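1. Here is my input; please provide its structure:
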Amino acid sequence: MGVSYKKLWKMLIDKDMPKMKLCREAKISTNAMAKMGKGEAVRTETLIKICKVLDCKIDDIIDYNED
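-> Presented below is the predicted three-dimensional model:
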């Protein structure tokens, strides 16, 4: 099983928002951002914080794949 954050990265590009700005505004750790960069799972709380900043739903920023 795996999680893909490609939708999140595309959204950040579309909004012209650097990853570090998202970290600051969502008040998430750089460690969480690094985990997402590696396609690793992060806490739901982290995803909710990101969604609040980006004004979106969780399924707008991640995909779940069974592989």
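2. how about the residue nearest the centre of the chain, secondary structure?
-> Centroid check for the chain by CA atoms, centre = their mean gives Leu8 as the closest residue, at 5.1 Å. Using DSSP: H, G, I helix; E, B strand; the rest coil, the structure places Leu8 in helix.
3. which non-adjacent residue is nearest it?
-> Computed as CB to CB, 6 or more residues apart in numbering, the closest residue to Leu8 that is not its neighbour in sequence is Ile61, at 4.0 Å. Every residue, glycine included, has its C-beta placed from N, CA and C.
4. how many other residues sit next to the one you found?
-> Neighbourhood size, Ile61 [other CB atoms under 10 Å]: 21.
5. How is Tyr64 assigned, secondary-structure-wise?
-> With three-state DSSP as the basis, Tyr64 sits in strand.
6. Pull the contacting residues for the nearest residue to it once chain neighbours are set aside.
-> Spatial nearest neighbour of Tyr64, excluding adjacent residues (CB to CB, 6+ apart): Val3 at 5.9 Å. When contacts are counted by CB atoms under 8 Å, 6 or more residues apart in numbering, Val3 is found next to 39-41, 62-65.
7. I'd say the residue nearest to Leu8 and Cys51 touch.
-> Yes - the pair Ile61 / Cys51 is scored as a contact, 6.7 Å apart, by CB atoms under 8 Å.
8. check contacts around the nearest residue to Lys7 once chain neighbours are set aside.
-> Among residues not flanking Lys7 along the chain, Ile61 sits closest, at 5.2 Å (CB to CB, 6+ apart). Shown in contact with Ile61 (CB under 8 Å, 6+ apart): 5, 7-8, 11, 47, 50-51, 54.
9. could the residues you listed be laid out in a markdown table, adding distance to Ile28 and secondary structure?
-> Output for the contacts of Ile61, formatted as a markdown table (distance: CB to CB, whole Å; DSSP: H, G, I helix; E, B strand; the rest coil):
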| residue | distance to Ile28 | secondary structure |
| --- | --- | --- |
| Tyr5 | 13 | coil |
| Lys7 | 17 | helix |
| Leu8 | 12 | helix |
| Met11 | 15 | helix |
| Leu47 | 9 | helix |
| Ile50 | 7 | helix |
| Cys51 | 11 | helix |
| Leu54 | 12 | helix |
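10. Many thanks, have a good one.
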